[in-house]
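1. Can you look at this prediction? I've put the sequence above it.
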Amino acid sequence: MPNDDFQRFANPRFLRTVDAGLLKEFFLRHEIPPGQLDLSLLDTAPDAGRAAITHYLLHTPKHECAESLTWDLHRIEGLGRPVGQDALLQEARRLAIELVPAEAQAKLSPRNLALLAFIEFPAIFEAAENTLTFLQPQSVEEFVAPEEGIVADMDAEHIAALLARAREIFRADLRGEFCEAHTYEDGSEIHVSIRHGAVLTVAEVIEGNRKRIRSFQEIDNAVLAYSANEGRLKIWGCSKSNRLALARAFSDVILDNPDLFNAPAARRLYTLERVEQAGGGFVFRHGHDDGIAKVLIYEAQVNRMMAGRRGAQRVALSLIARDPFGAALKALHSSRDDIVYGDGGWRLAHLVLKIELKSDKPRPPTLAVKIKPDSTLSFPRQRHQRRVMDLLRMNGMLCEREPASLAVAAG
């Protein structure tokens, strides 16, 4: 795989809120060449140090920024949530190891605990990470244009116009007036990071030994990633309705075509027809990628469809099978010999894959991928995104792009 098959780390909330000392210790381990990043700023001017780290991560050429550094930050961010904190503490209790003294636990945020565990207790960090492997990965909304090569106009005037539209969208969602945009390149994609207010939180808090009621808003981050080469827009970090509104704003302001992503074909991205044709005996081909050891079908769901009152199809019966050894689809078909796709009334609703990568480690790296036609593909996209897309392409799971004329007619 090319060495740029990873996503830059662009979470300012994480970098601005973790402990500066832990952050410095983490970066020192990666031995960044002198002159590229002054980590001493974290001791003398922490805010300037955090800003320098953000600039380094977003603007250093990808071939000069170690993939391991970026990947480790994404891993820590993944466990830096309440669910990750619970997993870390559970693994620590299982091994009878004290991550932090009991009196300090209440003051340690999930992000700081994840960073501390990564640095000082790597075995506990890895065990907690493995317990969360098959949680639903971050949801990403995707849109594909009828043709490739549509250039994005990213000058200051157009970004300001997009920001104004985004502010209207989030203000209507009761998230206040605050909105700012930052742009950066990530391989062949142009990213627009839109920081906006989260939903207002009113909480009872402790200040010293006194209880108080405080209201506050955290800062959330929505990201739009556009590739002119692929004619594809991806949006994550906000609600589904806001993603649709941001896609319309992006196509109107940045691509000068308000209807570009409106046609049904713009959301017709993934298919499991090849799997349905093969039935329970389907096996993924991965010989094109010598980095993949095996691809297992961990979960499969089929739906029995029937016509509703007005002719629309509805689900009459839904069956799900899971198999940690990768035979979920075969198990599903073995349990019901009446599963026949197409005219038989059955449809394959989704698959969850476990892609095991070749490694000399006792526990090889694993990617969990969920495919749900027509528009949903979920997996941790911070690393191996190209690898996953190539695997799906080789197995006929990416829909062919419809010509512009047909897409417009279908809309």
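-> Yes, it's here.

2. Going by length in residues, pull out the top strand of this protein.
-> strand 292-307 (DSSP state E).

3. hang on, residue 394 packs against residue 285?
-> Yes. Counting by CB atoms under 8 Å, residue 285 is a contact partner of residue 394 at 5.9 Å. Where C-beta positions appear, they are placed from N, C-alpha and C, glycine not excepted.

4. Would you indicate which residues of the longest strand of the chain are buried?
-> By 16 or more other CB atoms under 10 Å, the buried positions in strand 292-307 come out as 292, 295-305.

5. Same check on stretch 96-116?
-> For stretch 96-116, by 16+ other CB under 10 Å, it's 99-100, 108, 110-116.

6. Among the residues you listed, which are located in helices?
-> 110-116 (DSSP state H).

7. Save these as JSON lines, and put in pLDDT and distance to residue 65 too.
-> Formatted as JSON lines, these follow (pLDDT from 0 to 100; distance: CB to CB, whole Å):
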{"residue": "110", "pLDDT": "92", "distance to residue 65": "26"}
{"residue": "111", "pLDDT": "94", "distance to residue 65": "21"}
{"residue": "112", "pLDDT": "94", "distance to residue 65": "24"}
{"residue": "113", "pLDDT": "94", "distance to residue 65": "26"}
{"residue": "114", "pLDDT": "95", "distance to residue 65": "21"}
{"residue": "115", "pLDDT": "96", "distance to residue 65": "19"}
{"residue": "116", "pLDDT": "95", "distance to residue 65": "24"}
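
8. and the closest residue to residue 288 other than its chain neighbours, what pLDDT?
-> Excluding the flanking residues, the one nearest residue 288 by CB to CB, 6 or more residues apart in numbering is residue 394, at 5.5 Å. What the model reports for residue 394 is a pLDDT of 96.

9. and residue 394, how far is that from residue 284?
-> 9 Å (CB to CB, to the nearest Å).

10. Same question for residue 316.
-> For residue 316, the distance to residue 284 - CB to CB - is 29 Å.

11. Also residue 299?
-> The value you get for residue 299 to residue 284, if CB to CB is used, is 14 Å.

12. same question, residue 43
-> For residue 43, the distance to residue 284 - CB to CB - is 50 Å.

13. who has more neighbours, these two?
-> Shown here are residue 43 and residue 284; by other CB atoms under 10 Å, residue 284 has more neighbours (19 against 11).

14. what's the more buried one in contact with, if anything?
-> 295, 297, 353, 391, 395 (CB atoms under 8 Å, 6 or more residues apart in numbering).

15. nearest residue to the first one other than its sequence neighbours?
-> The reference is to residue 295. Here the residue nearest residue 295, using CB to CB, 6+ apart, is residue 284, at 3.8 Å.
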